[in-house]
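Undergrad: Give me the fold of what follows.
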Amino acid sequence: YPNPFNPSTQIEFRIPETGNVKLAVYNLVGEEVALLVNGQVEAGVHEVTFNADNLPSGAYFYKLQSGSKVEVKKMLLTK
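TA: Sure thing, here's the model as predicted:
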């Protein structure tokens, strides 16, 4: 979790208060390859699955946006 992974991984995130959340995965050139969450999320700990069956091996980043908070983490897909 989440490094390295093949072909899927669980991404866990904590939201301090209910609000709009966007969780997306990007490749190294900044293209969005998956949109995992985009909408209202209740406060608490959440977990989503990112399945990369259709993507090539390499580095990816997930970006979590919640209110004014932005978190970016690197993930490594190995096939």
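
Undergrad: low-confidence ranges in this structure?
TA: By pLDDT under 70, the low-scoring segments of the chain are 1-2.

Undergrad: so where do the strands sit in it?
TA: 8-15, 19-26, 32-41, 44-51, 58-66, 69-77 (DSSP state E).

Undergrad: Each with direction, which strands does the third one pair with?
TA: When pairs are called by DSSP bridges, strand 32-41 turns out to pair with strand 19-26 (antiparallel).

Undergrad: returning to that earlier point: mean neighbour count for the strands of the chain - can I get that in CSV?
TA: C-beta: built from backbone N, CA, C; applies to glycine. Output for those, formatted as CSV (neighbours: other CB atoms under 10 Å):
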stretch, mean neighbour count
strand 8-15, 15
strand 19-26, 16
strand 32-41, 13
strand 44-51, 12
strand 58-66, 17
strand 69-77, 14
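
Undergrad: out of everything not next to it in sequence, what's closest to the residue positioned nearest the centre of the chain?
TA: Central residue of the chain (CA atoms, centre = their mean): residue 62, 4.0 Å from the mean position. In space, and not counting its chain neighbours, residue 62 is closest to residue 25: 5.0 Å by CB to CB, 6 or more residues apart in numbering.

Undergrad: any idea how far the one you found lies from residue 42?
TA: 22 Å (CB to CB, to the nearest Å).

Undergrad: next one: residue 26
TA: Going from residue 26 to residue 42 by CB to CB gives 25 Å.
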